[in-house]
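**Q** What follows is a predicted protein model with its sequence.
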Amino acid sequence: MFAPLRAWQLCAALVTLTLACDSKEPSMKEAAKAAEDKDAADKKAKEEADKKLAEQAKEAKADEVANPWKFEQMKDSLKVGLVLDYAMSGTDAKGKPVQDELHGEVTGHEEMDVKILEYKKSAAGNPAVTQPQGHPWVEVSPFFWVEQREVEYQRRESVTVPAGTFETVVAHITGFFGNDLTVWMIVDKPGVYAKVVEHPNSKSADEGDQTEITYELAKIEFTH
């Protein structure tokens, strides 16, 4: 009388065994593959996160307000024969328009200093102002020279002048003798300003020093 029950129990056991064999439990190989895939995904996610952090750091450095020039870079950039011409505009102390052109040229290049010509085109015939002047290599351009200067780097700015559009760092330069300049330092042309605004001299009683003149780079070239 117990045979049918025993047969039923055997059938149930077989069904259970079959279900167990057909279950989706992962094999050792599948588990290892899943672990490898997870490691690869984690590695890729970390690489992408590191790349993003590096890009953010690069962008932050690009936006950093600091001197964009190094001494050796300026020495390489300001070679003998470099010519810079600046268009001048502004008004004098009486409000009369001032228009002229400033000519600059590198005429000598030594390890410790650089010699330049710098004069207004309107005074080109005056031998007193067309003599080369020597200046030591410093942190700013030898053109628009300021003695005993203090430099404040203010911001980065793209500026358009007659010679083109340039990425610059804007700096404020003041001197012991009252010189007061705002300059646009071209990032990839060490030693060259794209633009200069010469503010009235605070320590000079000379009427000619009370003008505010803007100089915009009109030409940059090598003569040889």
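**A** That came in fine, so what should we check first? Numbers count the residues shown, from 1 in each chain.
**Q** contacts, neighbours, all on C-alpha from now
**A** Noted.
**Q** how about the strands of this protein, start to end?
**A** 82-91, 97-109, 113-120, 133-136, 149-161, 164-175, 180-186, 193-198, 212-222 (DSSP state E).
**Q** In a markdown table: those, plus distance to Lys44 and mean neighbour count.
**A** Output for these, formatted as a markdown table (distance: least, C-alpha to C-alpha, whole Å; neighbours: other C-alpha atoms under 10 Å):
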| stretch | distance to Lys44 | mean neighbour count |
| --- | --- | --- |
| strand 82-91 | 50 | 19 |
| strand 97-109 | 52 | 18 |
| strand 113-120 | 52 | 20 |
| strand 133-136 | 52 | 15 |
| strand 149-161 | 35 | 15 |
| strand 164-175 | 35 | 19 |
| strand 180-186 | 39 | 24 |
| strand 193-198 | 44 | 24 |
| strand 212-222 | 48 | 18 |
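**Q** In TSV, list those along with distance to Pro68.
**A** Shown next, in TSV, are the strands of the chain (distance: least, C-alpha to C-alpha, whole Å):
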stretch	distance to Pro68
strand 82-91	20
strand 97-109	21
strand 113-120	19
strand 133-136	18
strand 149-161	10
strand 164-175	7
strand 180-186	8
strand 193-198	12
strand 212-222	18
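**Q** Same list, these, but as TSV with distance to Ala66 and mean pLDDT please.
**A** Below are the strands of the chain laid out as TSV (distance: least, C-alpha to C-alpha, whole Å; pLDDT from 0 to 100):
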stretch	distance to Ala66	mean pLDDT
strand 82-91	24	95
strand 97-109	25	94
strand 113-120	23	96
strand 133-136	21	95
strand 149-161	6	97
strand 164-175	7	97
strand 180-186	10	98
strand 193-198	15	98
strand 212-222	22	95
